[in-house]
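Asker: pasting the sequence and the predicted model now:
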Amino acid sequence: MIIAALGAADSLASQIPSFSDRLNFSLPLIAVLLVVSFFLLLKSYTVERGGKEDVPGRGGKDQPG
Amino acid sequence: MKDFFGPFTAFIEERFDLTPLRRWARHKKVPQHKHSFWYYFGGLALFIISLQFVTGILMAFYYSPTPDTAHESVRYIMEKVHYGWLIRSMHFWGANFLVAVVLVHMFSTYFMKAYRKPRELMWLIGVLLAGLVLAFAFTGYLLPWTTLSYFATKVGVNMPMVMPGIGGFLSRLLAGGEDVGAATLTRMFTLHVVLLPILTLVLVTAHVFLSQVFGSSVPLSQKGYSEETRFFPTFVLRDSAVWAGMLAILIAFVTIFPANLSSKVNPVMPAPAGIKPEWYFLFLFQTLRTFPEIPAIAAVTIGLIIWMLVPFLDKRSAKGERSTFFTLFGVAILVYMIAMTMMAYITTEVH
Ligand code: HEM
């Protein structure tokens, strides 16, 4: 129950790590994931534009079809 | 990178001929057009379902499915197990995201008429997968053995009762007795961690295998406008970028809204007021509340059968012609589901 979860999320707050502890754990992880995501996206555009020779290990032999 | 993997690749290549695999990777293409965005949802469902397997297996190390221990073991996971709160919260939010992503995937493939020949089987397997995902959600809900989950499951297992003839039998089969109790808990547990995972693995494998065999379809409206990108590495890189983004969103949700554990089952207590199921069951719940039960169930069943058979009924799109009727049918179903869900929110108090 999403709404219930939102409303009551803190009823356990005393027993699980505090919000700031959770943030300390998650923020670096989220930052790394976003950077990785951005890098992968960027790479997908450079391999597309940079031409076929950018495919590791199969230098430029790419033919459509 | 290449040097790092070099010895490993050499080991494999001395033993297996990888040429067909290489050729496949080189030639596989993904169409690019105005609606290509929707192609990411199938892969996203695959990613989240894999996460559910990982977090679920981790919880199974600690969870104990008896009325005396279920609630306690979940509390133990939340409070004592290192990062247990994280794993359980990821499983909880992952389930919600999975249902949402599968729904988006189902309706987007529907409206792009991706079910048309030759992909009829992908659609059929897909509908079964959507059913399995909902069955996972239903069976998993009881496992923490909270008052809320107890009464919600009671409503669920009693639903077949309205069916004439086999209704009572089906209800008893689901509950493992006349009422929700210890037998129901072990039954839901076994379904959730044994039967449903096996069925899902088989069907997901078949579905994804077929998606590789056929490649992605091009919607009729985009015929002639479509370009192609390579599956490897371009699409794989973008898929991975989407997955990493999804994981970041999931972790953000889990951090801000960790999964809750409400009070333990107390069957002598009356059902809490305004009890209602998870958001994805609300349209069904509201349908049964709004209309007389037997016609409502009959209509839902017939609708579901038509939904499954759409690839075979929609003869026009199979021939490459536009089929406005089926587009409207999809719109009608979608509008009905959204309207009923909203009505359920408005007419029951939120607890
Ligand atoms: C756990 C659930 C599911 C997983 C993991 C999954 C996975 C995938 C993947 C990886 C693809 C290829 C990429 C794409 O086109 O998105 C795909 C395509 C497809 N899926 Fe699913 N899917 C699931 C559920 C469904 C459902 C519920 C339906 C519909 C009822 C469905 C129908 C289709 C169709 C028709 C295609 C072909 C799309 C095209 O070629 O344009 N799938 N699925």
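Answerer: Noted; the coordinates are in hand. Bear in mind that the values here come from a model prediction, so they are computed numbers and not experimental data.
Asker: what is the helix ranked longest in chain B packed up against?
Answerer: Assignment by DSSP state H gives helix B:84-111 as the longest helix of chain B. Here helix B:84-111 touches helix B:40-60, helix B:70-79, helix B:120-142, helix B:236-256, helix B:324-347, going by 3 or more C-beta pairs under 8 Å, 6 or more residues apart in numbering or on different chains; DSSP states H and E. Where you see a C-beta, it was placed from the backbone N, CA and C, and this is true even at glycine.
Asker: could those helices be laid out in JSON lines, adding distance to residue B:218?
Answerer: Putting the helices and strands packed on helix B:84-111 into JSON lines (distance: least, C-beta to C-beta, whole Å) gives the following:
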{"stretch": "helix B:40-60", "distance to residue B:218": "15"}
{"stretch": "helix B:70-79", "distance to residue B:218": "46"}
{"stretch": "helix B:120-142", "distance to residue B:218": "15"}
{"stretch": "helix B:236-256", "distance to residue B:218": "18"}
{"stretch": "helix B:324-347", "distance to residue B:218": "17"}
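Asker: can you redo those as JSON lines with mean pLDDT, mean neighbour count and distance to residue B:265?
Answerer: Converted to JSON lines, the helices and strands packed on helix B:84-111 look like this (pLDDT from 0 to 100; neighbours: other C-beta atoms under 10 Å in any protein chain shown; distance: least, C-beta to C-beta, whole Å):
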{"stretch": "helix B:40-60", "mean pLDDT": "98", "mean neighbour count": "19", "distance to residue B:265": "19"}
{"stretch": "helix B:70-79", "mean pLDDT": "96", "mean neighbour count": "19", "distance to residue B:265": "7"}
{"stretch": "helix B:120-142", "mean pLDDT": "98", "mean neighbour count": "19", "distance to residue B:265": "9"}
{"stretch": "helix B:236-256", "mean pLDDT": "97", "mean neighbour count": "20", "distance to residue B:265": "25"}
{"stretch": "helix B:324-347", "mean pLDDT": "96", "mean neighbour count": "14", "distance to residue B:265": "24"}
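Asker: returning to what we had before: can you pull the buried residues of the longest helix of chain B?
Answerer: B:84-103, B:105-111 (16 or more other C-beta atoms under 10 Å in any protein chain shown).
Asker: picking up where we left off before, of all the helices and strands packed on helix B:84-111, which one is nearest residue B:17?
Answerer: helix B:236-256 (22.5 Å; C-beta to C-beta).
Asker: got any ranges where chain B has weak pLDDT?
Answerer: Low-confidence segments of chain B (pLDDT under 70): B:1-2, B:349-351.
Asker: list the contacts of the residue nearest the centre of it.
Answerer: The centre of chain B sits closest to residue B:133, judged by C-alpha atoms, centre = their mean, with a distance of 3.4 Å. By C-beta atoms under 8 Å, 6 or more residues apart in numbering or on different chains, the contact set of residue B:133 is B:49, B:98, B:99, B:102, B:200.
Asker: can you list those in CSV and add distance to the ligand?
Answerer: Output for the contacts of residue B:133, formatted as CSV (distance: C-beta to the nearest ligand atom, whole Å):
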residue, distance to the ligand
B:49, 5
B:98, 7
B:99, 10
B:102, 5
B:200, 7
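Asker: among these, which two are most distant?
Answerer: B:99 and B:200 (13.5 Å).
Asker: the residue nearest to the centre of chain B and residue B:276: what is the separation?
Answerer: Per C-beta to C-beta, to the nearest Å, residue B:133 is found 20 Å from residue B:276.
Asker: which one of the residues in the stretch 251-351 of chain B is closest to chain A?
Answerer: Residue nearest to chain A within the stretch 251-351 of chain B: residue B:255 (4.1 Å; C-beta to the nearest C-beta).
Asker: I'd assumed residue A:23 was in contact with that residue.
Answerer: Yes - Residue B:255 lies in contact with residue A:23 (C-beta atoms under 8 Å); the separation is 6.1 Å.
Asker: and the helix or strand hosting residue B:196, which residues are buried?
Answerer: Following DSSP states H and E, one finds residue B:196 within helix B:196-214. Within helix B:196-214, the residues that qualify as buried are B:196, B:197, B:199, B:200, B:203, B:204, B:207, B:208, B:211, counting by 16+ other C-beta under 10 Å.
Asker: which one of those sits closest to the ligand?
Answerer: Lowest distance from the ligand to the buried residues of helix B:196-214 (C-beta to the nearest ligand atom) belongs to residue B:211, with 3.6 Å.
Asker: check contacts around the closest one.
Answerer: B:42, B:122.
Asker: list the buried residues in stretch A:27-44.
Answerer: A:30, A:33, A:36, A:37, A:40, A:41, A:43, A:44.
Asker: want to throw the residues you listed into JSON lines with pLDDT and secondary structure?
Answerer: Formatted as JSON lines, the buried residues of stretch A:27-44 follow (pLDDT from 0 to 100; DSSP: H, G, I helix; E, B strand; the rest coil):
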{"residue": "A:30", "pLDDT": "98", "secondary structure": "helix"}
{"residue": "A:33", "pLDDT": "98", "secondary structure": "helix"}
{"residue": "A:36", "pLDDT": "98", "secondary structure": "helix"}
{"residue": "A:37", "pLDDT": "98", "secondary structure": "helix"}
{"residue": "A:40", "pLDDT": "97", "secondary structure": "helix"}
{"residue": "A:41", "pLDDT": "96", "secondary structure": "helix"}
{"residue": "A:43", "pLDDT": "96", "secondary structure": "helix"}
{"residue": "A:44", "pLDDT": "94", "secondary structure": "helix"}
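Asker: would TSV of those with distance to the ligand be doable?
Answerer: Output for the buried residues of stretch A:27-44, formatted as TSV (distance: C-beta to the nearest ligand atom, whole Å):
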residue	distance to the ligand
A:30	24
A:33	21
A:36	21
A:37	19
A:40	17
A:41	18
A:43	20
A:44	16
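Asker: can you redo those residues as JSON lines with distance to residue B:304?
Answerer: Shown next, in JSON lines, are those (distance: C-beta to C-beta, whole Å):
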{"residue": "A:30", "distance to residue B:304": "39"}
{"residue": "A:33", "distance to residue B:304": "38"}
{"residue": "A:36", "distance to residue B:304": "40"}
{"residue": "A:37", "distance to residue B:304": "37"}
{"residue": "A:40", "distance to residue B:304": "38"}
{"residue": "A:41", "distance to residue B:304": "38"}
{"residue": "A:43", "distance to residue B:304": "43"}
{"residue": "A:44", "distance to residue B:304": "38"}
